[in-house]
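> Next one to model:
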Amino acid sequence: MCRNIKTLFNFEPPASEDEIHASALQFVRKLSGFSAPSQANKAAFDRAVSEVSEAAQTLLASLHTKAPPRDRDVEAEKARERSRIRFG
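Just a heads-up that it's a prediction; the model follows:
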């Protein structure tokens, strides 16, 4: 799957609409193979991004967990550490 798509569930504060839209955009780009669609494909591309974004919002709103919300700063530091270990 696309490495740029980040986990959006169980964070405090919750994922914003912009974050969900960005994730949907990356997903559609990965599926279609287009980073920027042609004029002929733009309407279908934009519709797909909108539909994926709506589905993601529905999913995130319906998920439940007993785990405490994660802190974005802590998770970002963990990712930086993994990157340092991986790439030196």
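
> quick one, strands of the protein?
11-12, 70-71 (DSSP state E).

> could these go into a markdown table alongside mean neighbour count?
Any C-beta I mention is one placed from the backbone N, CA and C, and that applies to glycine too. As requested, these are exported to a markdown table (neighbours: other Cβ atoms under 10 Å):
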| stretch | mean neighbour count |
| --- | --- |
| strand 11-12 | 12 |
| strand 70-71 | 12 |
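
> These: which one's closest to residue 42?
strand 11-12 (31.7 Å; Cβ to Cβ).

> Need the contact partners of the closest one.
Outside strand 11-12, the residues that touch it by Cβ atoms under 8 Å, 6 or more residues apart in numbering are 69, 70, 71, 72, 75.

> my guess is the second one meets residue 13, correct?
By that I understand residue 70. No: taking contacts as Cβ atoms under 8 Å, residue 70 lies outside contact range of residue 13: 11.1 Å.

> picking up where we left off before, switch the strands of the chain over to TSV; also include distance to residue 21 and mean pLDDT.
Listed next are the strands of the chain as TSV, based on distance: least, Cβ to Cβ, whole Å; pLDDT from 0 to 100:
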stretch	distance to residue 21	mean pLDDT
strand 11-12	16	90
strand 70-71	21	92
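
> Tell me which of those lies nearest to residue 39.
Using Cβ to Cβ, the nearest of the strands of the chain to residue 39 is strand 11-12, at 36.8 Å.
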